[in-house]
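Novice: Here is my input; please provide its structure:
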Amino acid sequence: MVNILHEKEINFKSLERNIFKYGCEVACELLKEMLQEIDRWLMKTRDKSVLRHKGHRKTCIKTLMGEVEYSRAVYEVMDGSTERKFVYLLDEYMGFDCVGFVSSNLAEKIADNICECSYAQTAKNISNLTGQSISRQGVWDVVQKLGQKIEEQENKYIELNKDVNFHGERETKVLFEEADGVIVRKQRRCKGKGRNFEIKLALFHEGWKQTGENRFELAEKNVVCGIESSKEFAMRKAAMIAKIYNTDEIEMRIFNSDGGTWIRTLYEKGDSVYHQLDPFHVNKTIKGFGLGKEFESNVFHYLKSAQIDEALNYVEAVMNSVEEVKETEKISELYSYLSNNKESLIPYQNRGIELPELKEGLVYRGMGNAEHNVYLTVAKRMKHRSAAWSEEGSLNLCKIICLKVGHKLSETLEGISSIVLPDNFKERITDVLSAGRAPKKIGKGYLGKTCTIPYTNAPMTDSRRSLMSWLKGTETISF
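Specialist: Purely as a prediction, here's the structure:
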């Protein structure tokens, strides 16, 4: 059998695209009908003494299916004010003021893509994989609005944490925390001192759960970022912890960092707080001085066996025995680093602490995840291709990436633009989307080609008259 598709020079790729395009057009029409029906419902149920109908205005919303053009009513607010005010009830009800005229599904797709790809590549991916065509600038606008909304939410939690006994519902006996910072190159057009700026990151979780042989992942991981001062960032981190956890139930906090000065403001010293230096940064610092393998192995031996005083005595003895000034300065700097962080050099597992029991399925493991999450959150996306950023632009993007790394992106974006349709529309939407009634509701279906009966306007003969009667079904012809 001859392949009809090949005869007409149509391949499966173009056929798939055409069917997808047609489906998107039908879906856009259905959504348009729904929006205008909700607008009519809002018009009927409004307070007519306050809101005066002033006609309709056209607008357009970008969705996964494409651009949906529709008309919605505009109302003048009659509140006795001398200044005239106008509102669109449909826009307010549907939450279009959150991310602009972009649906939450499309915004989520953009946010998910931008965590891995550039703005231009994200625009290309969205345009190719959905019915919506979007530009690089359009992607940038969505990312900035989402980042700003996320930060506004965080700022509300900060204020709540200041004024009231604010805490979440989740409970854990142990909370593991880590922090680090990463330097990002600043765009030349940006004002301010310096060519770089630092993005601060804080990570907290409940422990480790095994996902495979010798494979573990962090349980309930959350990442917070900011570019403000260390004190302000400490308040942000504390507020995000309080949002999720009932902090009164936390019996122990274990904090891991590289010993940076600003990081010390993120935790309070106390009987229930244990700070340790990140083992990776300790090893990197010792090796960074280049004092020889024998010296390094001896220091590592003392630290590994938790003999901190012996390690300091050994470094001091070597420092006093070296005659070269440069070598003495290096060893002196190392000695200061170790002595200033003396209480944090031993990992928490080796301190003889009585550790509370973790939740079922979780285990204790060595800390040191901050460096990896710095790569996932900032370095992987912002440190390559000689990229340069504005402080605000990088922060808005980083807010989104933090949510994705913590597996909270979809949940948070849904909360930003959460819309609950009225009950009287739920049944109608269910009927329209059900498989049995979809052909009756969506589109007009295929009606086929229509044409006139042959010989309608031609001279009549007996054979032609019989043929026309047969086509109309009023006469039977035997062959």
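
Novice: can you list the domain ranges for this structure.
Specialist: 10-144, 148-415 (automatic domain parsing).

Novice: got a markdown table for the ones you listed, with distance to Met460, mean pLDDT and mean neighbour count too?
Specialist: Backbone N, C-alpha and C define where each C-beta goes, glycine included. Converted to a markdown table, these look like this (distance: least, Cβ to Cβ, whole Å; pLDDT from 0 to 100; neighbours: other Cβ atoms under 10 Å):
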| stretch | distance to Met460 | mean pLDDT | mean neighbour count |
| --- | --- | --- | --- |
| domain 10-144 | 42 | 88 | 16 |
| domain 148-415 | 70 | 88 | 16 |
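
Novice: Nearest approach to Met468 belongs to which of these?
Specialist: domain 10-144 (36.1 Å; Cβ to Cβ).

Novice: Am I right that Val224 sits in a strand?
Specialist: Yes - counting by DSSP: H, G, I helix; E, B strand; the rest coil, Val224 is part of a strand.

Novice: In contact with it, which residues?
Specialist: Glu154, Leu201, Ala202, Leu203, Arg236, Lys237, Met240, Cys402 (Cβ atoms under 8 Å, 6 or more residues apart in numbering).

Novice: which residues does it bridge with?
Specialist: Ala202 (DSSP bridges).

Novice: now do Phe176
Specialist: His205, Ile254.

Novice: Let me have the domains of the chain in JSON lines, extended by distance to Pro459.
Specialist: Below are the domains of the chain laid out as JSON lines (distance: least, Cβ to Cβ, whole Å):
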{"stretch": "domain 10-144", "distance to Pro459": "41"}
{"stretch": "domain 148-415", "distance to Pro459": "71"}
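
Novice: Which of the ones you listed sits closest to Ser466?
Specialist: Among those, if distance is taken as Cβ to Cβ, the winner is domain 10-144, at 40.1 Å.

Novice: Return the closest of the contacts of Val224 with respect to Glu354.
Specialist: Using Cβ to Cβ, the contacts of Val224 come closest to Glu354 at Leu203, 24.7 Å.

Novice: what helix or strand is the closest residue to the closest one other than its chain neighbours on?
Specialist: Excluding the flanking residues, the one nearest Leu203 by Cβ to Cβ, 6 or more residues apart in numbering is Glu178, at 4.6 Å. Under the criterion of DSSP states H and E, Glu178 resides in strand 174-185.

Novice: What of Phe216?
Specialist: Taking DSSP H and E as the criterion, the element that holds Phe216 is strand 215-218.

Novice: At which residues are the strands of this structure located?
Specialist: Secondary structure of the chain (DSSP state E): strands located at 51-62, 67-77, 85-87, 174-185, 196-205, 208-212, 215-218, 222-226, 252-257, 273-277, 362-363.

Novice: how far does the last one sit from the chain's center?
Specialist: Taking Cα atoms, centre = their mean, to the nearest Å, one finds the center of strand 362-363 at 27 Å from the center of the full chain.

Novice: Repeat that for stretch 271-284.
Specialist: In terms of Cα atoms, centre = their mean, the centre of stretch 271-284 is set 30 Å apart from its chain centre.

Novice: Show me what it is in contact with.
Specialist: With Cβ under 8 Å, 6+ apart, stretch 271-284 has contacts from 178, 250-259, 267, 269, 300, 303, 341, 343-348, 351, 353, 366-368, 370-371.

Novice: Recalculate using a threshold of 6 Å.
Specialist: If you take Cβ atoms under 6 Å, 6 or more residues apart in numbering as the criterion, stretch 271-284 is touched by 252-256, 258-259, 267, 341, 344-345, 347-348, 368, 371.

Novice: Straight-line length of it, end to end?
Specialist: End-to-end distance for stretch 271-284: 29 Å, by Cα to Cα, to the nearest Å.

Novice: What of stretch 267-275?
Specialist: 8 Å.

Novice: do the same with stretch 114-124
Specialist: 11 Å.

Novice: distance between that stretch and the chain's centre?
Specialist: Chain-centre distance of stretch 114-124: 14 Å, with Cα atoms, centre = their mean.

Novice: on that earlier part again, of the domains of the chain, which is nearest Thr461?
Specialist: domain 10-144 (41.8 Å).

Novice: re the thing from before, tell me the one among the contacts of Val224 nearest to Phe289.
Specialist: Relative to Phe289, and with distances defined as Cβ to Cβ, the nearest of the contacts of Val224 is Leu201, at 26.7 Å.

Novice: can you tell me which residues contact that closest one?
Specialist: Asp180, Cys225, Val374.

Novice: so what's the first one up against?
Specialist: In this structure, Asp180 makes contact with Leu201, Ala370, Val374, judged by Cβ under 6 Å, 6+ apart.

Novice: That one pairs with what?
Specialist: Assessed by DSSP bridges, Asp180 has beta-bridge partners Leu201.

Novice: so how far is His281 from it?
Specialist: 9 Å (Cβ to Cβ, to the nearest Å).

Novice: ok, now Val68?
Specialist: For Val68, the distance to His281 equals 52 Å [Cβ to Cβ].

Novice: Same question for Thr82.
Specialist: The value you get for Thr82 to His281, if Cβ to Cβ is used, is 63 Å.

Novice: Same check on Gly288?
Specialist: For Gly288 relative to His281 (Cβ to Cβ), the value is 10 Å.

Novice: Over to Phe101?
Specialist: The spacing between Phe101 and His281, counted by Cβ to Cβ, is 47 Å.

Novice: quick one on the thing from earlier: can you redo the contacts of Leu201 as a markdown table with distance to Gln36?
Specialist: Converted to a markdown table, the contacts of Leu201 look like this (distance: Cβ to Cβ, whole Å):
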| residue | distance to Gln36 |
| --- | --- |
| Asp180 | 51 |
| Cys225 | 41 |
| Val374 | 48 |
